[in-house]
Structures are given as structure tokens and as C-alpha cells.
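Novice: starting from these lines, generate the structure:
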Amino acid sequence: MKNFKFLALLLFAAVSILSSCTKVLSSDFDPDKGEKYAVKVRVVTPSTKAIITNSSQDLNVHSLQVFAFLNGALDVYGEAQDDSLVLSCTQGPRKFYALINAPSLKSIKTETELLATASDLANSSLTSLEMFGNKEADISKDNKTVKIEVTRLASRIVVSKITKQFASAALQEQPFTVKRIYLVNASGRAKYGTPGTPELWCNQIKFDEDLSPDYKKFMIDTLNAQVNTEYKTEHTFYCYPNGTEKDVNGGENFSDRYTRLVIEAELGSQICYYPINLPDLKSNTSYNIADIKITKPGSTSPDEPVTAINCEVTIVVKPWDNVNVTEGATV
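Specialist: Predicted structure coming up:
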């Protein structure tokens, strides 16, 4: 009787083991699960077909960082000094993010943390702007290449010509000197997840003479150019996007408002300003003014509109891969 019970226990154990093995080797079993693949990630920078003369000078790549997230958590991170790298990934869906020309963010552990991190224009240069992009991909033994299109985080403003065209003959005869061109109320820092919400405002209401050179190089050109009829030299400025919906002018205390391009000039012996509103600035977008026609005396403030006339501005808004010339602006 004891032998029979012992044999019965052995038989039960054997059936249990067989059942367990059968479960592991079921049709759901994937022999590749957990296997890591060498996944090549390559970034594609914006096209450079623009006719603006310095359009391609900001696309130099000196660093690349790639994050692969699984359900919002970091699965793998890699960095290189090129436009491609290889990551060791397991199979399955991943969300990839690529950063070009950004400081090291290798401490980031989640997608939420990455999108809440601020990019700073001061970390870029005029020849290598920061770029950002993402791509979802399902990694498998048949899909081990990921191409991520990146775009510049910054907005660009280009002025091609300034024309002296005063309606008054007396004003037309007076000396007119363009002292400086610059941006006011300009964003210098924004989060990757919300690029149109400024985290740092540069040149609030007026130009900040103490502005750090890291921002100043993007936001001002000093000319001291006397204009008899027209001034035909291209000037390019950069800032981060500004999606502020409601504008405010002047005031003693700063509040969110439009970014403006300002021409600071001397008419006769009087300093005056010609501010041009740049509403809803977007990333990787160029705002191009072919000709700014000066027809009346300017404002007394870089943040106040020219009130003597209705200020008519025509600006062409294009991605940097397809830039056309505008009819210009009359102020």
C-alpha cells in the first residue's frame, strides 16, 4: 500500500512537470523574447534649400543623444559626436527621442522628465543650433533601423532691406541712421515638451544692455549705417518660440507679450524706434522681411507701436527648407 502511494506521488509529480513544460513551450513562446538587437538610429536634419544666404550654417552637428523609452521609462540611452549611433535594444515598441547639439542629459530616466527639461538658446551657436525630434518604432529582428527627423527648436527672423521713404520731403532730407536692429520680449529658454511657452524672457520691453553675450549674439546687430535711400544687407536673428496669445505694450512691469523686431534709428538728432510685432513664433520657422519702408518718425519706445500711422507689415512665414521673399513692411 505504501509503495502504491509512493508510485502515485511520483506519477502526479511527473504529470505536473510535464504540464509545466508544456505551458512554457506553448504557442505563445517567443524564442527571440529578451534578445537584444543592435539598433541603428540615424537623425535627418532639415533640408537646406532656402535661398537666404546663411540658411545652412546653423545645421552643423557636434553631438547626438538618443533616448529609447518603454511605457514612459528609459530603456536605453546613447550618445555620439555624429548623426547616427547604435543602441542595444530588446524587441517591442519603443519611443525614440533625438537631441542634437544639446548638453548631456544622460541622467534623464523618464519621458516625462525629458519633456519637462528646458532647452537654453545660450547652449547653441550660430553655426550649430539645438535640434529635437521623436519617432515611435517597433523593434524586431526584421526592423533594426530607426530614422528620426529632427527640427530646430529656435525661430529665425531675417531682414533683407531697409528703405528710407519718408512721406514728408523735409523728413526725407534729414539724415537717417540705423543704429541697431534687435529683438525684444524674446524667449531664450523653453521646455522640450512646451517650446512655445517661454521660461526666460530676454530684452523685456527694451534692449537689456547687460544681456549675456550667450544670448546677445542671437538677438542684436549694431550697424550705425547711414541710409540715404536704402540699406541692403541681410541681418538674421534667433530666439525660441513665443506662443503668447494676447499682446501688451509698454508699461513699467513686464508681462507676457509678443516678441518684436526693433529698428533703432536716429532721425536728424532724435533717437526713435520702429517695432514690428512677431506673433505666435514657432520652432524651425523663418520670418522673412524683404523690405522695411520707413515713412514716418518712429516711436519713443521699442515696445510701443508707431502711432502716427497704421503700421502695415507683410511677413512671409516659411519652414527653413523653403524660404521666399516678401513684399516687406511699411512703418
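Novice: list the contacts of the residue nearest the centre of the chain.
Specialist: With distances taken as Cα atoms, centre = their mean, the residue of the chain nearest its centroid is residue 153 (0.6 Å). With contact set as Cβ atoms under 8 Å, 6 or more residues apart in numbering, residue 153 has these partners: 119, 129-132, 190, 192, 195, 240-241, 283-284. Where you see a C-beta, it was placed from the backbone N, CA and C, and this is true even at glycine.
Novice: kindly report the same for residue 196.
Specialist: Residues touching residue 196, when contacts are defined by Cβ under 8 Å, 6+ apart, comprise 190, 241-243, 280-283.
Novice: can you check residue 257 too?
Specialist: Listed by Cβ under 8 Å, 6+ apart, the contact partners of residue 257 are 185, 244, 247-249, 303.
Novice: so is residue 103 in a helix, a strand, or just coil?
Specialist: Under the three-state scheme (DSSP: H, G, I helix; E, B strand; the rest coil), residue 103 adopts coil.
Novice: how about it, nearest residue that isn't a chain neighbour?
Specialist: The spatially closest residue to residue 103, leaving aside those adjacent along the chain, is residue 123, at 5.6 Å (Cβ to Cβ, 6 or more residues apart in numbering).
Novice: what helix or strand does residue 172 sit in?
Specialist: Per DSSP states H and E, residue 172 falls inside helix 169-173.
Novice: what about residue 167, how many neighbours?
Specialist: Residues contacting residue 167 under the criterion other Cβ atoms under 10 Å number 9.
Novice: can you say which of the contacts of residue 153 are buried?
Specialist: 119, 129-132, 190, 192, 195, 240-241, 283-284 (16 or more other Cβ atoms under 10 Å).
Novice: in strands only, show me these.
Specialist: 119, 131-132, 190 (DSSP state E).
Novice: state the pair within those that is farthest apart.
Specialist: In those, the most distant members under the criterion Cβ to Cβ are 131 and 190, with 13.9 Å between them.
Novice: show me the strands paired with the helix or strand in which residue 178 is found, marking each as parallel or antiparallel.
Specialist: Mapping residue 178 onto the secondary structure by DSSP H and E places it in strand 176-184. When sheet partners are counted by DSSP bridges, strand 176-184 sits next to strand 220-226 (antiparallel), strand 259-267 (antiparallel).
Novice: outside of the first one, which residues touch it?
Specialist: The set of residues external to strand 220-226 that reach it, using Cβ under 8 Å, 6+ apart, is 175-183, 207, 231, 233, 235, 237.
Novice: ok, these vs residue 43, which is closest?
Specialist: Nearest to residue 43, judged by Cβ to Cβ, of the contacts of strand 220-226 is residue 237 at 25.7 Å.
Novice: for beta bridges, what are the partners of the closest one?
Specialist: In this structure, residue 237 has the following beta-bridge partners (DSSP bridges): residue 157.
Novice: quick one: contacts for it?
Specialist: 156-158, 181-183, 218-221, 261.
Novice: then residue 116?
Specialist: Going by Cβ under 8 Å, 6+ apart, residue 116 touches 191-193.
Novice: so where do the strands sit in the stretch 51-200 of the chain?
Specialist: Across the stretch 51-200 of the chain, reading from the start of the chain, the strands by DSSP state E, counting those that start in this stretch fall at 64-70, 73-80, 84-90, 92-100, 118-120, 131-139, 145-149, 151-152, 155-159, 162-164, 176-184, 186-191, 200-202.
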